[in-house]
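Asks: Return a 3D structure for these sequence lines:
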Amino acid sequence: MSSLLFFLAPLAAVLLICLPILPVYKGVVSGQKARNAFAFHLCAFFGVMLLCFLLPIADLTAYASAEGGLIAGVTTGTGLGYLSAALATGLAAIGSGIAVASAAPAAIGATSEDPKSFGKALIFVVLGEGIAIYGLLISILIINNLGA
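Replies: Residues are numbered from 1 along each chain as shown. Reported below is the predicted structural model:
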């Protein structure tokens, strides 16, 4: 029974990760269908996170040493560290995208009215992109602390 669980659990995680591709494949981009697709993405994400917490993932990554004993390859704490690094980068990139999406059209409009305002407008777009760099730096710091 446990060998079947160890086979089906990663298969369920991969299936939950691949399911959000279906609305994208169908071309859902706006309206009620897009809201439903977003809810579908969130449910799939939290389903994968639930599987990660409920299943003993650290036991799956144990490997045998030369002496014949088992050595744990990845612990739950290390996995959560990698998850936090991924969330730091991903959420910072989403925030950066939101900032650039509102600053770039305003910068283009200001530059079309007065070409001298290009430098000032560019600064606001670059400030929005800096958020993603900060998230990347935080995730690098987190990953460096995991190796120690």
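Asks: show me where the protein has helices.
Replies: Remark: helices of the chain, listed N- to C-terminal, are 2-18, 21-26, 32-54, 57-60, 76-113, 118-147; assignment by DSSP state H.
Asks: Any buried residues in the first one, and which?
Replies: By neighbour count, and taking 16 or more other Cβ atoms under 10 Å as the criterion, the buried residues in helix 2-18 are 9, 13, 16. Heads up, the C-betas are built off the backbone N, CA and C, glycines and all.
Asks: Which one of those is nearest to residue 139?
Replies: The shortest gap between residue 139 and any of the buried residues of helix 2-18 belongs to residue 13, at 21.8 Å (Cβ to Cβ).
Asks: looking at the helices of the chain, which one has the lowest mean pLDDT?
Replies: Ranked by mean pLDDT, the helices of the chain end with helix 57-60 in last place, scoring a mean of 51.
Asks: Report the contact partners of residue 131.
Replies: With contacts taken as Cβ atoms under 8 Å, 6 or more residues apart in numbering, residue 131 has the following neighbours: 92, 95-96, 99.
Asks: For the buried ones among those residues, write the corresponding PyMOL selection.
Replies: The command below creates a PyMOL selection of those among the contacts of residue 131 that count as buried (16+ other Cβ under 10 Å):
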select buried, resi 92+96+99
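Asks: Find the residue closest to the most centrally placed residue in the chain in space, skipping its chain neighbours.
Replies: In the chain, the C-alpha closest to the average C-alpha coordinate belongs to residue 90, at a distance of 4.4 Å (Cα atoms, centre = their mean). Once its chain neighbours are removed from consideration, residue 90 has its nearest residue in residue 135; the separation is 7.8 Å (Cβ to Cβ, 6 or more residues apart in numbering).
Asks: Phi and psi next, for residue 114.
Replies: For residue 114, the backbone dihedrals (degrees, to the nearest 10) come out as phi -140, psi 100.
Asks: Could you list the domains of this structure?
Replies: If the domains of the chain are taken from automatic domain parsing, they occupy 1-55, 75-148, with pieces of a single domain joined by a plus sign.
Asks: That concludes my questions; thank you for your assistance.
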